[in-house]
Each structure stands twice: as C-alpha cells, then as structure tokens.
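Asks: What would the 3D arrangement of this be:
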Amino acid sequence: MTTTTTVAAFSEIIRVGGWSLRGIGYPFGIAERAIRILAWAEAVHGGTVRTLRVAETAIAEATTRPRLLRQRDSLAGWRLDGQGKHLMEAGPPAVDLLTSDAREHGFGHVVLANTIGSGLVAALADLAARRGLACFAAYRAAEGDVLPDGVARAGWLIAVPASGGAVFALGAIEAGADAVLQTIRSVWPMLSEAGERLIHADVAQSLDGGAGSYIGLAALPADAGMADRLKAGDAGGSLTLVDYAQRLVEGYRSGLVMDMADLLHLYALERLTWAPTSERSRSQAGYGRF
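Replies: All right, here's what the predicted structure looks like:
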C-alpha cells in the first residue's frame, strides 16, 4: 500500500498537539507539558505522532488510570508505579524527582515501572540534560507497547548537557550489566559505589524480559569534561553517539516529515475540543472556564 507523506512545522505540532492531547483526555497542564516531549521525540525518532493514531485506545485508557504511586527508598531514591499511565504523563514528574535529588544530594535515582510509551525515554533524558544534569537511562518496554520505528524495545543511553544541545550516546544492553557499568565509569568517574549498584540493577532489570515496563533513571550534575569523555567512549567503540541535537535543529528548520494519515488524525483529535460557535452555546458548554 502506498503511503502519502507530508511535512509539518515543528511549531504546528506544538500548537495543535496540545489540543489533540486534550481531545484524547489529558487535562490542560499535563497536555501542555507532554506535547513538548512528544514533539521532541517526533523530531529525533520520527513516528511518535503515529503512536497517537495506532495506540489511541490504549492512550485514552491510560488517561483514566489512578495517580502515580510513589515510594521513597533511602538507598535507591524513588520508586514509582505508573499504574498503566503513558510516559508523557508519568515521565516528567519522575524527572522532577530525579532533578531535585541530583541537585540537593549530588546524585538522583528513580525507578518508574508499569507505564506505556517507552519511546519517550530519550526525551526524558533530554529534559534532565536541559537542567544541567548528566542522565543515564536503562529501560524495557511493556509487551504490546507501540514504539516508533528505530527505538529498541530495551536499551540504555546517556545524555550530557552541551552548549549546542545535549550529547547523546546509545549502548547495547545485550552486553550485560557489568559491561554497561564499565562504560559508565569511564564517563562518570565520580560515581559512587551506591550509584554503581543502582545502575547495575537497572540494566539487569531491563534485561530480564518481564511483561511490564521498567525504566531506571540516574543523574548527577554534569562537569565540564563529561561531554568529551562521552565522545572518547564513542571512539573506543563501547557506545555510539547520536546527534539528536542536530535532528532537532533540522526539524525546526525544515519541518517534520510524517505520514499524512498521522497528521490528519492529530487534527481530528484537536477537533474533539472545539466548542459550539454561538455565544450562548459556548457559555453553556463552559468554554473558556477550563
């Protein structure tokens, strides 16, 4: 079957997408925050807007799930149960907790389980990097979770702040927890033994092949040489640099290529939020009050 593609401006995805997420069922504040990480992921991965169409039923159901469950662990940071929520809703609060601990204590760690939308893991790492943090993420997507093409169902990555946008590197999680930790030590030589144990456990959990999702996030304040050490790791072959920052620049400059069906569906979701046109009916519908 022939697929028709089109090009949408990055700003248009932001403008329309916030209302589209409200059409699915998200309240205003969550939708406004979520569309920014979703648009970022569309620019760097592609296929993220498509998930709103092909996984609309699952995402709409996720908006009705109970609130996140949080548990503070003195040895392991935070453990969050997403209770089936989508990562565009559950992810930003997890990064908020990660940021707070990293800034206050020099290291932060969050485990987020039982979510959908694992294609947004890199977007969460970018959110942490824009706050001046170096972020490690290991993850395993839930069975049946719809991911953009090119996003592995299990993996690990590092994001480090830099002047032109975060420097990202991906590694092969199949190498095992010991090999991943050896690479992390070369980039984060200041990492404590406790931090090493948590990262080791995150990789092991991401490899265990369970049905539910698992995301382990670790972060610490970035130092001036961290980006260079990350690039040196790339030169040594232990990880692979990916220029997400340049993909984002190209997305802003030239627009985002996507299937026409996906863009049309985004507009269809937006229309679900439209109010009637007469002033009386608009008032009765509560338009402008919420």
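Asks: who touches the closest residue to residue 73 other than its chain neighbours in this structure?
Replies: Of all residues beyond its chain neighbours, the one nearest residue 73 is residue 79 (5.7 Å), with distances taken as Cβ to Cβ, 6 or more residues apart in numbering. (Glycine included, C-beta is placed from N, CA and C.) With contact taken as Cβ atoms under 8 Å, 6 or more residues apart in numbering, residue 79 is in contact with 70, 71, 73, 110, 111, 113.
Asks: Neighbouring strands - and their directions - for the helix or strand encompassing residue 79?
Replies: Using DSSP states H and E, residue 79 maps to strand 77-81. Counting by DSSP bridges, the strands paired with strand 77-81 are strand 69-73 (antiparallel), strand 108-113 (parallel).
Asks: May I see the buried residues of it?
Replies: Along strand 77-81, these residues count as buried under the neighbour rule (16 or more other Cβ atoms under 10 Å): 77, 78, 80, 81.
Asks: Tell me the pLDDT of the first one.
Replies: Just to be clear, that refers to residue 77. Per-residue pLDDT puts residue 77 at 94.
Asks: sorry, back to before: what's the most buried one of the strands paired with strand 77-81?
Replies: Across those, averaging neighbours per residue (mean count of other Cβ atoms under 10 Å) puts strand 108-113 on top, at a mean of 25.
Asks: And the next helix or strand past that one?
Replies: Using DSSP H and E, the helix or strand that follows strand 108-113 in sequence is helix 121-129.
Asks: Render the CA-only coordinates of that following helix in PDB, please.
Replies: Output in PDB follows, covering the C-alpha atoms of helix 121-129 (Å, rounded to 0.1, in the frame of the first residue of the first chain):
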ATOM      1  CA  VAL A 121      12.700   7.700  27.300                       C
ATOM      2  CA  ALA A 122      15.300   9.700  25.400                       C
ATOM      3  CA  ALA A 123      13.000  12.800  25.600                       C
ATOM      4  CA  LEU A 124      13.100  12.400  29.400                       C
ATOM      5  CA  ALA A 125      16.900  12.200  29.400                       C
ATOM      6  CA  ASP A 126      16.900  15.400  27.300                       C
ATOM      7  CA  LEU A 127      14.700  17.100  29.800                       C
ATOM      8  CA  ALA A 128      17.200  16.300  32.600                       C
ATOM      9  CA  ALA A 129      20.100  17.400  30.400                       C
END
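Asks: what's the average pLDDT for it?
Replies: 98.
Asks: name the helices or strands packed onto it?
Replies: helix 28-44, helix 87-105, strand 133-140, strand 154-160, strand 167-171, strand 214-221 (3 or more Cβ pairs under 8 Å, 6 or more residues apart in numbering; DSSP states H and E).
Asks: Enumerate every residue touching residue 8.
Replies: Residues in contact with residue 8 (Cβ under 8 Å, 6+ apart) are 255, 256, 258, 263.
Asks: Who is it paired with across the strands?
Replies: Applying DSSP bridges, one finds that residue 8 bridges with residue 256.
Asks: Give me the spatial nearest neighbour of the spatially most central residue of the chain, chain neighbours excluded.
Replies: In the chain, the residue lying closest to the centroid (Cα atoms, centre = their mean) is residue 120, at 2.7 Å. Spatial nearest neighbour of residue 120, chain neighbours left out: residue 87 (4.5 Å); criterion: Cβ to Cβ, 6+ apart.
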